[in-house]
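Undergrad: What shape does this take:
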Amino acid sequence: FAWPDTRRYFYDALTAGTEEEREHYLALTFFSLGHNLHILEDMGVPAHTRNDFIYDHIWHGLIRGSYLEGYTESNRIVEQMTDNGKIAFDRLTDFWDTNGSQVLPGLAEYSNHNFLSEGTIFNRYQHPAWSGIERYEETAEDGSRDRVQYYTGRTSDGIEIPHLATVGLLYSSFGFLSPEDSARHTAYLDPDCYKDYSEILIPRVVSYALGLMEYFFRGRIAVIKDGIDGFLIKNLSAEPITGGVFEIYYDSTDGVRTRLVLHEISPLFPLMPGAVTERISFEAPANNITPGRYIIVFKGRLGNEDDAVIGKIVKDRIYFVSERHGASELYSMAMDGTYIRVLLPNNNAAINYTHPVISPDGTRVAVHSNRDGEDAIWIE
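TA: From the prediction side, this is the model:
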């Protein structure tokens, strides 16, 4: 599955005729997105990004795939990681390769530049280079004291790597070579190296994966009703919509999702962030199974992406205040009394909410309240 597949499935999940088809395509959307995330996560494995085929792709007999991945899995390293936020880019390819155009490197660039794999220890690539050798003693499993040596390093963003590689037992036997050549012939990776690598790479991989999910769903629109037969669409995204089509659908009484109208956005007249389309007129269908409920779909160019998809369901709702749980709370519900939601929960009987008013684009609500001790209008 590739990124265009995922986009196509998402579009079909929003527009296919029957609910069964839409559920099928929605499942495929997340299945395919999972494949995309898997491929990006693989860019955090040095053996992948350093083309170390033998060690990273064969899985039989004595060879059990990437030793780094095996160490991470067997030691449950992922469960020990803390939240590191998410990485944001405005171009899809930058998540793995920025070509030096961004302050943050792509994930493939980062893992290739800063870490070793079993078949590329100080060879085949100029980076990473070791910065020194640390020598100390540790207690072995049999209780004896072993003298160990490790090459140290530092990532391109300044993170120290105490165990970049292990100094091999034959290091002194290659004294006739330069220190760099001796390291190339004798160094290897051990669990201490994998631990250092994991502690640096896993939070970064998670951050890039979170960023890619956010990138997929980053498109935001608001729908402003203009009478019973018209909409204005506002671009709430941080990027311009520079070409594509808005489509308005409804679900008919015979169970078929039907398109009402198309509205094209010309590449010559982009819909900038915060901008609003001209009025999109349509005839309200008499066979709408839920009167006032419509599905708005955009397919086209969003920022640097040509085939972005945005979906939005708009429906008439009632906003009201109730004390059904002992204190004044703000609710919304569908016109038929279903889909009741608490918008402003409250467990303090001394606080009152009255006179809620929704904003034209449906994204904010204004309400009168005494919750700060004085009467005021609050915007949520």
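Undergrad: count of neighbours near residue 178?
TA: Each residue near residue 178 was counted by other C-beta atoms under 10 Å, and the total is 10. From N, CA and C alone the C-beta is placed, and that goes for glycine too.
Undergrad: Any figure for the gap between it and residue 374?
TA: Look at residue 178 and residue 374: by C-beta to C-beta, to the nearest Å, they are 78 Å apart.
Undergrad: How many residues are close by residue 93?
TA: 13.
Undergrad: hang on, it is in a strand, isn't it?
TA: No: counting by DSSP: H, G, I helix; E, B strand; the rest coil, one finds residue 93 to be helix, located in no strand.
Undergrad: can I assume residue 251 sits in a helix?
TA: No: counting by three-state DSSP, one finds residue 251 to be strand, located in no helix.
Undergrad: what sits opposite it in the beta ladder?
TA: Counting by DSSP bridges, residue 251 is bridged to residue 257.
Undergrad: ok, now which ones touch it?
TA: By C-beta atoms under 8 Å, 6 or more residues apart in numbering, the contact list for residue 251 reads 257, 258, 288, 289, 290, 293, 295.
Undergrad: how much space between it and residue 29?
TA: Residue 251 is 19 Å from residue 29, by C-beta to C-beta.
Undergrad: next one: residue 51
TA: 31 Å.
Undergrad: burial count for residue 137?
TA: Around residue 137 there are 10 residues (other C-beta under 10 Å).
Undergrad: tally of neighbours for the residue nearest to it when sequence neighbours are not counted?
TA: Nearest in space to residue 137, with sequence neighbours left out and distances taken as C-beta to C-beta, 6 or more residues apart in numbering, is residue 145 at 5.0 Å. Per other C-beta under 10 Å, the neighbour tally for residue 145 reads 9.
Undergrad: So residue 145 sits against residue 136, correct?
TA: No: using C-beta atoms under 8 Å as the test, residue 145 is too far from residue 136 to be in contact (10.3 Å).
Undergrad: what's next to stretch 351-371, contact-wise?
TA: Contacts of stretch 351-371 (C-beta under 8 Å, 6+ apart): 222-225, 234, 236, 314, 317, 319-321, 327-330, 343-344, 346, 348, 375-380.
Undergrad: now it: mean pLDDT?
TA: Stretch 351-371 shows a mean pLDDT of 84.
Undergrad: That one: how far from the chain's middle?
TA: Average the C-alpha atoms of stretch 351-371, do the same for its chain, and the two points are 32 Å apart (C-alpha atoms, centre = their mean, to the nearest Å).
Undergrad: distance between the ends of it?
TA: 5 Å (C-alpha to C-alpha, to the nearest Å).
Undergrad: buried set for that stretch?
TA: 351, 352, 353, 356, 358, 361, 362, 365, 367, 369, 371 (16 or more other C-beta atoms under 10 Å).
Undergrad: Same question for stretch 290-301.
TA: Neighbour-count burial for stretch 290-301 [16+ other C-beta under 10 Å]: 290, 293, 294, 295, 296, 297, 298, 299, 300, 301.
Undergrad: just stretch 139-151 next, same as before
TA: Those would be 148, 150, 151, for stretch 139-151 by 16+ other C-beta under 10 Å.
Undergrad: pLDDT-wise, what's the bottom of those?
TA: residue 148 (85).
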